[in-house]
Each structure stands twice: as structure tokens, then as C-alpha cells.
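J.: Sequence below, structure please.
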Amino acid sequence: MKKLTTLLCLLFALCAFPAFAQHVRVDADMEQRSNTQTSKRYRVGDMVLIGGELGIVFAVTTDGQHGKAMSVSESSANWIDAGTWCVRLGQGWHLPSRDELRAIYRKSSELNAPLEANGFTRILNQWYWSSESYDSDRAWAVTLIGGCGTGHYDKSDSHYVRAVSAF
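T.: As a prediction, the model looks like this:
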């Protein structure tokens, strides 16, 4: 019986080793692909996955490997709910500052074509909430209507919202 147990253990080890070796190779291949993906050079208008949410790149560093993306999805909400909506998209997503909204506006023509081509809503000519509070009752919003104006509105007002994240 002892010989049979030893023989079964040896047989199991021999059968399991090739599977283990294959698993190690797969992990190494995945790491290689992961390293290759991190060296990707991004451009404005590229799609990027951040924390499980799809975004579109609106700003990149000079090396093209880092930058900021805007969510491809949008909502309409009061200021408090807008911030909550952004955070719910996942780690790193937040309500944009006025400067981030201005940067999105400057690149809107480069963003709208890929948004529409991929079946997403283009950046609308509407007011979008910023993360910046004006006072206890009002917050800043940026308009993308025929320019890039700013105004402060009651936090209970409903405006559009897009989240942003660094990558």
C-alpha cells in the first residue's frame, strides 16, 4: 500500500509539473504584454480603460505615456450628485476642475469624432459642473456653448457632468 501511495504521488507530480511550467510561461507572457502596454504612446482621442471605466484621452505628457482622460459616459445631476456619480465610476475618477473642463473644450473637436465613431455621446454645447465650489450654496460650471465661459450656479441646479482621471 505504501508503494502504491508513493507511486500515485510520483505520478501526480509528473503530471502536474508540465501544467505548472505552462502556467509560469503564461504568467511571463502576460507580464511581457503588460510591460509592452505600459510603454504605449497615447494621443488625444485615444480610448483608455481606467479602473474598469472607458475614457477618452484629452491631454498627454510629452512622452505620450501619461495624461488625462474624460469619461465617455455623461450624466445630468445637481452638484453633489455629480461628484458622487464621478466617484462611482471607479478609483481615480473625479469631477473635473474648471481648468480641466477648459482643456476638454480646447480639444472638443478632436474628441467628438472618436466619441461618435465609437457610439458615445459627443461633448454637448451645455453647462458642465466643475469640482470647484463658489460658496456654500453655489459652484462653478463651464459652458461649452460657442466658447468656454464660466459661471456659478446654485448647487441644486441640474447640469451635465463628465468625470476625468489621470492615467
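J.: Contact partners for the residue nearest the centre of the chain?
T.: For the chain, the residue sitting closest to the mean C-alpha position, by Cα atoms, centre = their mean, is Ile50 at 3.4 Å. Listed by Cβ atoms under 8 Å, 6 or more residues apart in numbering, the contact partners of Ile50 are Ala69, Gly90, Gly92, Trp93, Ser165, Phe167. In short, each C-beta sits where N, CA and C put it, glycine included.
J.: Now intersect those with the strands, please.
T.: Ala69, Ser165 (DSSP state E).
J.: which SS class is Ser109?
T.: On the three-state scheme (DSSP: H, G, I helix; E, B strand; the rest coil), Ser109 is labelled helix.
J.: Do you know the pLDDT at it?
T.: At Ser109, the predicted lDDT confidence score is 91.
J.: Provide the partner residues of the residue nearest to the centre of the chain in its beta bridges.
T.: In this structure, Ile50 bridges to Glu53 when assessed by DSSP bridges.
J.: any idea how far it is from Val57?
T.: From Ile50 over to Val57 the distance is 10 Å, taken as Cβ to Cβ, to the nearest Å.
J.: Please enumerate the shared neighbours of the two.
T.: Common neighbours of Ile50 and Val57, counting by Cβ under 8 Å, 6+ apart, are Ala69, Phe167.
J.: rewinding a little: show the buried residues in the contacts of Ile50.
T.: By the neighbour-count criterion of 16 or more other Cβ atoms under 10 Å, these include these buried positions: Ala69, Gly92, Trp93, Ser165, Phe167.
J.: what's next to the host helix or strand of Tyr153, contact-wise?
T.: When elements are assigned from DSSP states H and E, Tyr153 belongs to strand 150-154. Contacts made with strand 150-154 from outside it, assessed by Cβ under 8 Å, 6+ apart, are listed as 79, 98, 127, 130, 134-135, 137-143, 159.
J.: Point out the least confident one among those residues.
T.: Thr143 (90).
J.: what about it, how many neighbours?
T.: Counted with other Cβ atoms under 10 Å, the neighbours of Thr143 add up to 17.
J.: check contacts around it.
T.: Contact analysis of Thr143 by Cβ under 8 Å, 6+ apart lists Gln126, Trp127, Tyr128, Gly149, Thr150, Gly151.
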